[in-house]
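Enquirer: My questions concern the predicted model and sequence given below.
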Amino acid sequence: MERVYGTCVALAGEAILFRGPSGSGKSDLALRVIEAGGKLVADDQTILTREGNRLIATCPNSIAGRLEIRGIGIVPVETIHRAPLSLVLDMVPPEQVERFPKTGECSYLDVNVPLLPFSPFEVAAAAKVRLALKMIRDQ
């Protein structure tokens, strides 16, 4: 088991982990993905466990079902208890996102996961998350 400081959402049953420092847009992006049909796995802290060659994302019980929304507070949201981790997005400023980025990798518990830099505050960010997940699936 590994605890990762990041927010995790699921689309079509697949988890996407948003990483970045406080204020980088993780929870804001999660809220927009949830509003677009995703489900929260975990906000702020995600627990990863290895099952075979897959990583499974879950939430610590103490924060399950809640999302911190800056300027509003902690609110209940619809969640999914667990989902296989398929993609990691690092929250970065827009100028750090290449026009045609190469997919990198990060590793947790000796399992490699596709990694992309991501600008979370763009208007189309939630749609881009969905497209990035589809792109990873189609590779």
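Expert: That came through fine.

Enquirer: And for the residue lying closest to A36 once chain neighbours are set aside, the neighbour number?
Expert: Distances taken as C-beta to C-beta, 6 or more residues apart in numbering place A126 nearest to A36, at 4.5 Å, with adjacent residues excluded. Heads up, the C-betas are built off the backbone N, CA and C, glycines and all. Close neighbours of A126, defined as other C-beta atoms under 10 Å, add up to 22.

Enquirer: what about A126, helix or strand, and which?
Expert: helix 125-138 (DSSP states H and E).

Enquirer: Can you read off the pLDDT for the residue nearest to A36?
Expert: A126 carries a pLDDT score of 97 in this model.

Enquirer: ok, now which ones touch it?
Expert: Under the criterion of C-beta atoms under 8 Å, 6 or more residues apart in numbering, the neighbours of A126 are 29, 32-33, 35-36, 38.

Enquirer: From A132, how far out is I16?
Expert: Separation of I16 from A132 (C-beta to C-beta, to the nearest Å): 8 Å.

Enquirer: Which of the helices or strands spans the most centrally placed residue in the chain?
Expert: With distances taken as C-alpha atoms, centre = their mean, L17 lies nearest the centre of the chain, 2.5 Å away. Assigning secondary structure by DSSP H and E places L17 in strand 14-19.

Enquirer: can you list contacts of that strand?
Expert: Looking at strand 14-19 with C-beta under 8 Å, 6+ apart, the contacting residues turn out to be 4-10, 25-26, 29-30, 33, 41, 46, 57, 83-91, 113, 118, 120, 129, 132-133, 137.
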